[in-house]
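> Here's my sequence, what's the structure:
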Amino acid sequence: MAATLYHNMIVVFGGECRDGKTFPENEGYDVTTGTWKTLQPAEGRHGFGAATVGDRAYFVAGAHGCGSNVVFKELLVFTLP
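A predicted model of the protein is given here:
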């Protein structure tokens, strides 16, 4: 999984392994209220990084399979309205 602080929320994406697949679930922990929020699912991945720059959170690279060494050169960009 990867996490980054975004708009006072710790956004957590991905992870591995459940039933041989990466997790598509994504959640955010609101540091102000101390509560978790379920976010829109995304393509599951593991072994990737995250960073927040300005008003966007970026999730970089990663693999779609559990324990996979096939790393994708994809960049997911996350924004909240």
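
> What confidence value was assigned to the residue of the chain most remote from its centre?
Centroid-distance maximum for the chain: Thr33 at 20.7 Å, with CA atoms, centre = their mean. Listed pLDDT for Thr33 reads 96.

> now swap in Asn69 and tell me
We have a pLDDT of 67 for Asn69.

> quick one on the thing from earlier: any idea how far Val53 is from the residue farthest from the centre of the chain?
From Thr33 over to Val53 the distance is 24 Å, taken as CB to CB, to the nearest Å. To be clear about C-beta, it is placed using only N, CA and C from the backbone, and glycine gets the same treatment.

> The residue farthest from the centre of the chain sits in which helix or strand?
Counting by DSSP states H and E, there is no helix or strand that carries Thr33.

> Next, the contact list for it, please.
If you count contacts by CB atoms under 8 Å, 6 or more residues apart in numbering, Thr33 has none.

> which residues touch the most centrally placed residue in the chain?
The centroid of the chain falls nearest to Phe13 when counting by CA atoms, centre = their mean (1.9 Å). Neighbour list for Phe13: Met1, Ala2, Ala3, Asn26, Ala42, Arg45, Ala50, Phe59, Leu76, Phe78 [criterion: CB under 8 Å, 6+ apart].

> for those, which one is nearest Arg18?
Set against Arg18, the nearest of the contacts of Phe13 by CB to CB is Met1 (12.2 Å).

> pretty sure the closest one is in contact with Cys17, am I right?
No. With contacts counted by CB atoms under 8 Å, Met1 stays clear of Cys17, the gap being 11.3 Å.
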